[in-house]
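Trainee: Got a sequence here, can you build the structure:
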Amino acid sequence: MSLVIENITKYYGAQKALDSVSFSVESSEIIGFLGPNGAGKSTMMKIITGYLQPDQGRIEVCGLDVQEHLKQTQALIGYLPEHNPLYLEMYVREFLAFNARIHKLDKVSTRVAEMIDLVGLSKESHKKIGALSKGYRQRVGLASALIHDPKVLILDEPTTGLDPNQILEIRELIKTLGADKTIMMSTHILQEVEAICDRVLILDQGKLKLNQHKSQINKELSQQVYFFEVLFSDQVIEDKMLEIIGVQDVNKLGEHKYLIKAEQDVRKQIFDFAVKQNNAILNLTEKKQALESIFKSTTGA
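Mentor: Sure thing, here's the model as predicted:
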């Protein structure tokens, strides 16, 4: 295993940001790490990279305990944080060479040239980082994370600020890198996960709610499952909705708004239920069976 995470718990004061989270990641596996804002994704990534210490639990990177072998494990990891830290006054090549020397690489200029070509920075490589667009700054951060050829790549929102064409290019690059690197990628773009990831982890309120291979998710989605988004006029008792024949699960999305998972088309039953409850339905929409539906049903987002 490239990553082994065991019972990680982290507090910020009285707030529990991570609650006994455990999972493992195989070599050359691309993991999509999902969750609502504040779910604990960035905290988990910072703990894996050794930038934060957990209050409980342990992490192994390529067989090494992060707390016992911090420098060795950090050398095995490439990390692109959510807020990409760059020296804006430095030139692109200068910055990447600086990072290459930190990692004590040989043939620095050759490696810098390889990274510039790999992430598509050739036309901008003569500029100062401060003069680049947000999308190109993101590419500089990715090149920096890759400069030392890490075995594990941790990417926190890697396509932030990129235009649609750049997003497609970076997705293809991540897929290519996944052939010989373990990649853990946090994103809010569910299509990205569907396009390039092998497995999906969903974190919500510090707890791991889903850990499933995409093939299994696709298998479940191919089965006859229905999702309905319903807005009632007044408050509804969720347990009562679960009594509707055919309804499998109910998640609250907002005030009087629910996502209903069912094994059959239950729209008529939902209307009958509303009438019996002296309630009214303001909107009822059947939702496409996709990762979005799984995300909503798992997190109630």
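
Trainee: Tell me the confidence at D239?
Mentor: With respect to pLDDT, D239 scores 86.

Trainee: That one in helix, strand or coil?
Mentor: With DSSP: H, G, I helix; E, B strand; the rest coil as the basis, D239 sits in helix.

Trainee: One more: T285?
Mentor: T285 ends up strand, using three-state DSSP.

Trainee: tell me the mean pLDDT over stretch 1-16?
Mentor: 94.

Trainee: which residues touch that stretch?
Mentor: 17-27, 29, 40, 43-44, 47-48, 52, 54-63, 151-152, 182, 184, 206 (CB atoms under 8 Å, 6 or more residues apart in numbering). For every residue, glycine as well, the C-beta is placed using N, CA and C.

Trainee: Out of the residues you listed, which end up buried?
Mentor: Buried members of these, counted by 16 or more other CB atoms under 10 Å: 17-19, 21, 23, 25, 29, 40, 43-44, 47-48, 52, 54, 57, 59-62, 151-152, 182, 184, 206.

Trainee: Narrow the residues you listed to those in helices?
Mentor: Among the buried ones among the contacts of stretch 1-16, the members falling in helices (DSSP state H) are 43-44, 47-48.

Trainee: Can you tell me the closest non-neighbouring residue to A100?
Mentor: V108 (4.5 Å; CB to CB, 6 or more residues apart in numbering).

Trainee: Distance to L177 and pLDDT for the ones in helices among the buried ones among the contacts of stretch 1-16 - can I get that in JSON lines?
Mentor: Formatted as JSON lines, these follow (distance: CB to CB, whole Å; pLDDT from 0 to 100):
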{"residue": "T43", "distance to L177": "24", "pLDDT": "95"}
{"residue": "M44", "distance to L177": "21", "pLDDT": "96"}
{"residue": "I47", "distance to L177": "22", "pLDDT": "96"}
{"residue": "I48", "distance to L177": "17", "pLDDT": "96"}
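
Trainee: Tabulate those in JSON lines, adding columns for distance to V275.
Mentor: Shown next, in JSON lines, are these (distance: CB to CB, whole Å):
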{"residue": "T43", "distance to V275": "46"}
{"residue": "M44", "distance to V275": "46"}
{"residue": "I47", "distance to V275": "51"}
{"residue": "I48", "distance to V275": "52"}
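
Trainee: and these, which two are the farthest apart?
Mentor: T43 and I48 (9.9 Å; CB to CB).

Trainee: picking up where we left off before, between the ones in helices among the buried ones among the contacts of stretch 1-16, which is nearest K123?
Mentor: For these, the nearest to K123 is I48 (33.6 Å; CB to CB).

Trainee: Residues contacting stretch 95-109, please?
Mentor: 75, 86-87, 90, 111-112, 115-116, 129, 140, 143-144, 147-148.

Trainee: quick one: E292 and I189 touch, right?
Mentor: No: E292 lies out of contact with I189 (CB atoms under 8 Å); the separation is 10.8 Å.

Trainee: count of neighbours near the residue nearest to A100?
Mentor: 18 (other CB atoms under 10 Å).

Trainee: swap in the one 5 residues further on?
Mentor: Other residues lying near A113 total 15 when counted by other CB under 10 Å.

Trainee: N84 now?
Mentor: 21.

Trainee: Can you tell me the closest non-neighbouring residue to it?
Mentor: G141 (3.9 Å).

Trainee: which residue ranges form the helices in the stretch 101-250 of the chain?
Mentor: Using DSSP state H, counting those that start in this stretch, the helices found in the stretch 101-250 of the chain span residues 108-118, 134-146, 164-177, 190-196, 214-222, 238-241.

Trainee: By mean pLDDT, show me the worst of these.
Mentor: Among the helices of the stretch 101-250 of the chain, helix 214-222 scores lowest, at a mean of 72.

Trainee: List the residues that contact G50.
Mentor: 66-67, 70, 73-74, 77.

Trainee: now those residues in JSON lines, with distance to D239, pLDDT and secondary structure?
Mentor: JSON lines is the format used below for the contacts of G50 (distance: CB to CB, whole Å; pLDDT from 0 to 100; DSSP: H, G, I helix; E, B strand; the rest coil):
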{"residue": "V66", "distance to D239": "43", "pLDDT": "95", "secondary structure": "coil"}
{"residue": "Q67", "distance to D239": "44", "pLDDT": "93", "secondary structure": "coil"}
{"residue": "L70", "distance to D239": "48", "pLDDT": "95", "secondary structure": "helix"}
{"residue": "T73", "distance to D239": "47", "pLDDT": "96", "secondary structure": "helix"}
{"residue": "Q74", "distance to D239": "49", "pLDDT": "94", "secondary structure": "helix"}
{"residue": "I77", "distance to D239": "45", "pLDDT": "97", "secondary structure": "strand"}
